[in-house]
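**Student:** everything below, folded, please.
(one chain, ligands or ions: 1)
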Amino acid sequence: MSQPVRVRIGPSPTGEPHVGTAYIALFNLAFARRNGGQFVLRIEDTDRERSRAEWEAQIIQGLRWLGLDWDEGPDVGGPHGPYRQSERLGLYREHAERLVESGRAYRCFATKEELEALRAEQKARGEPLGYDRRSRDLSEEVIRANLEANKPYVIRMRTPRTGQTVVKDRLRGDVVFDNEGIDDQILLKSDGHPTYHLANVVDDHLMGISHVIRAEEWISSCPKHVLLYEMFGWQPPEWIHMPLLRNVDKSKISKRKNPVSLDDYRRRGFHPRAVVNFLAMLGWTMPDQREVFSLEDFVREFDFDRVHLGGPTFDLEKFTWLNGKYFREVLSEEELTDFIRDAVLGRDRIRALVPLFRERIELGEQFIPAAEYFFSGAVEPDPTLLTPKKRSLQELGPALDGLAERLDAVHPYEPEALEADVRAYTEEIGWKPRDFFMPIRVAVTGRKASPPLFDVMAQLGRPLVRRRLKDAARVCKNPPRAG
Ligand code: GLU
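**Tutor:** Numbers count the residues shown, from 1 in each chain. Coordinates of the predicted model:
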């Protein structure tokens with residue numbers, strides 16, 4: 001009997017829920033459903049510094065919004081849990097030790113200082129940088145003495161020095177790597193935490209994953225994974241690396257050119273069915289070339305033979321057009337009504353705004369005009385309003401740009417944290433709050449008067465604030481000519 005189909009996604013909760021994650025989730029789900037298999041959500045949170053529970057919650061919320069539901073995961077449980085790597089640390093250590101015992105991996109005691117010195121020497125000699133395998137063949141005595149002295153160590157893979165490793169990719173055929181070019185990858189760090197490679201392979205095996213469907217950017221890691229399967233004596237899954245999404249100019253999709261956060265699309269009022277439809281069109285065509293189709297249609301027709309590798313373009317204009325098509329032709333009037341009520345207006349959104357506006361309005365009819373900038377996208381700030389008292393627009397542009405970048409990392413996205421961060425940034429760039437806060441307000445609201453700035457920013461949310469700060473920075477660079 002052939003192995004049951006089990007696939008997974010392994011997002012790392014280190015940032016906003018990314019459209020790329022939804023894209024890969026969609027293809028995993030379609031393949032699982034088409035083949036009567038299971039789709040697993042595993043949270044790869046071994047990067048302790050960058051992982052956050054809030055990001056995990058947002059990833060789950062974003063995927064649920066799109067209806068890309070999983071059969072097993074941290075929130076729904078399942079027979080192969082836990083589904084969060086931070087809760088599986090013992091397993092990784094055990095498996096790393098197993099490879100040490102069988103001679104497939106070794107302990108490396110090199111200190112940070114030693115490795116830095118090595119790097120400096122390599123640099124000075126103009127050699128390629130990298131670990132020189134100095135601990136690969138330590139004698140038993142040295143290892144024992146180091147362990148007795150409690151010297152910290154990492155566990156590294158004993159990568160073969162000769163020969164080749166082949167990744168049999170479903171979409172690309174054999175991709176051949178010379179082993180010489182594969183480093184002795186660290187599997188377990190000195191703090192006992194696994195690296196991505198070890199945790200990913202151990203989990204895929206223990207969770208019975210039959211097909212690894214992930215983004216192309218992981219293909220260069222894949223030979224290490226193939227080698228790990230060999231070292232453990234396990235049957236590897238089938239490998240399927242999906243083409244990378246690209247901006248219209250063909251560069252790798254990035255937030256500099258396109259919004260990449262699912263939240264951003266949700267806030268803009270994209271309909272989840274249109275989002276799924278658009279993602280499914282990237283690198284895939286329906287047998288009858290139809291552009292408008294549902295998730296169910298997609299699943300019914302799904303076949304990796306129809307995926308093409310030509311670098312699918314994430315074209316926001318086309319995406320917006322498709323969403324409009326859903327509004328005009330696909331959704332019923334009832335469905336569009338509910339969508340606007342729930343997703344655009346939404347009781348929760350209004351509820352969050354009431355404390356900001358109750359002191360400022362006396363009639364219901366005043367609410368929408370007062371709060372208008374919470375319900376719109378761009379605010380097109382007037383350059384005259386933007387211009388700071390004692391500074392020029394030329395100076396303001398980069399300051400706003402820098403702020404937009406900076407606020408990507410604020411946590412939580414709440415008034416106190418925002419205020420602390422904006423103040424710190426203002427000081428760092430040598431501005432006075434009095435000169436900088438007004439242009440920020442104008443940038444994010446389009447107005448000179450609003451409820452308290454940081455409350456407003458928190459309610460607008462990260463994606464919209466980012467977008468408006470960037471827009472305003474552009475206005476500063478290229479103020480539209482009067483007249
Ligand atoms: N943690 C990886 C990510 O963030 C998973 C890659 C994989 O699917 O192997 O995408």
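**Student:** count the residues that sit near residue 462.
**Tutor:** Close neighbours of residue 462, defined as other Cβ atoms under 10 Å, add up to 19. Placement of C-beta: from N, CA and C, glycine included.
**Student:** also residue 464?
**Tutor:** The burial count for residue 464: 23, using other Cβ under 10 Å.
**Student:** looking at it, it is touching residue 267, isn't it?
**Tutor:** Yes: Residue 464 lies in contact with residue 267 (Cβ atoms under 8 Å); the separation is 6.0 Å.
**Student:** what parts of this protein come near the ligand?
**Tutor:** Proximity of the chain to the ligand, by Cβ under 6 Å from any ligand atom, involves residues 10, 11, 12, 44, 196, 200, 214, 218.
**Student:** which residue ranges of this structure form strands?
**Tutor:** Ranges of strands in the chain, per DSSP state E, are 6-9, 38-41, 105-108, 154-157, 164-169, 173-178, 186-188, 211-215, 238-242.
**Student:** shaky segments in the stretch 101-250 of the chain?
**Tutor:** For the stretch 101-250 of the chain, no stretch has pLDDT under 70.
**Student:** the residue in it positioned nearest to the ligand: what's it in contact with?
**Tutor:** Per Cβ to the nearest ligand atom, the residue of the stretch 101-250 of the chain with the smallest distance to the ligand is residue 214, at 3.5 Å. Taking Cβ atoms under 8 Å, 6 or more residues apart in numbering, we find residue 214 in contact with 9, 10, 24, 240, 241, 242.
**Student:** how about CSV for those residues, with neighbour count added?
**Tutor:** What follows is the contacts of residue 214, written out as CSV (neighbours: other Cβ atoms under 10 Å):
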residue, neighbour count
9, 25
10, 23
24, 22
240, 19
241, 22
242, 25
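**Student:** closest one of these to residue 312?
**Tutor:** Checking these against residue 312 with Cβ to Cβ, the nearest one is residue 242 at 9.0 Å.
**Student:** ok, the closest residue to residue 108 other than its chain neighbours - how many residues close by?
**Tutor:** Using Cβ to Cβ, 6 or more residues apart in numbering and skipping the chain neighbours, the partner closest in space to residue 108 is residue 135 (3.8 Å). When neighbours are counted by other Cβ under 10 Å, residue 135 registers 19.
**Student:** what sits against residue 135?
**Tutor:** By Cβ under 8 Å, 6+ apart, residue 135 lies in contact with 106, 107, 108, 109, 110, 153, 156.
**Student:** and the helices in the stretch 1-150 of the chain?
**Tutor:** 19-34, 53-65, 89-101, 112-124, 140-148 (DSSP state H, counting those that start in this stretch).
**Student:** what comes up buried for the fourth one?
**Tutor:** By that I understand helix 112-124. residue 118 (16 or more other Cβ atoms under 10 Å).
**Student:** how far is it from where the chain is centred?
**Tutor:** Relative to its chain's centre, helix 112-124 lies at 32 Å (Cα atoms, centre = their mean, to the nearest Å).
**Student:** got it, and stretch 375-394?
**Tutor:** With Cα atoms, centre = their mean, you get 31 Å for stretch 375-394.
**Student:** avg pLDDT for it?
**Tutor:** Stretch 375-394 comes out with an average pLDDT of 92.
**Student:** who's the residue nearest the centre of the chain bridged to?
**Tutor:** For the chain, the residue whose C-alpha lies nearest the mean C-alpha position (Cα atoms, centre = their mean) is residue 18; its distance is 4.1 Å. Beta bridges link residue 18 to residue 261, judged by DSSP bridges.
**Student:** doesn't residue 263 make contact with it?
**Tutor:** No: between residue 18 and residue 263 there is no contact under Cβ under 8 Å: 10.2 Å.
**Student:** related to what we said a few turns ago, any idea which of the strands of the chain gets closest to residue 345?
**Tutor:** Ranking those by proximity to residue 345 (Cβ to Cβ) places strand 38-41 first, at 30.6 Å.
**Student:** which residues in the stretch 201-350 of the chain form helices?
**Tutor:** 222-232, 262-268, 272-280, 295-301, 316-325, 333-339, 347-357.
**Student:** which of the ones you listed is buried the deepest?
**Tutor:** Most buried of the helices of the stretch 201-350 of the chain, by mean neighbour count (mean count of other Cβ atoms under 10 Å): helix 272-280, with a mean of 23.
**Student:** just the angle for that one relative to helix 19-34, thanks.
**Tutor:** Taking axes from the mean of the first three to the mean of the last three Cα atoms, to 10 degrees, one finds helix 272-280 and helix 19-34 inclined to each other by 90 degrees.
**Student:** elements contacting helix 272-280?
**Tutor:** helix 19-34, helix 262-268, helix 295-301, helix 316-325 (3 or more Cβ pairs under 8 Å, 6 or more residues apart in numbering; DSSP states H and E).
**Student:** for the last one, give the mean pLDDT please.
**Tutor:** What it means is helix 316-325. Rounded mean pLDDT across helix 316-325 is 97.
**Student:** just the angle between that helix and helix 272-280, please?
**Tutor:** 140 degrees.
**Student:** quick one: contacts for the closest residue to the ligand within the stretch 351-483 of the chain?
**Tutor:** Using Cβ to the nearest ligand atom, the closest approach of the stretch 351-483 of the chain to the ligand is made by residue 408 at 17.7 Å. By Cβ under 8 Å, 6+ apart, the residues touching residue 408 are 462, 466.
**Student:** just say which of the strands of the chain is most tucked in.
**Tutor:** Scoring the strands of the chain by mean neighbour count under mean count of other Cβ under 10 Å gives strand 6-9 as the most buried, with a mean of 26.
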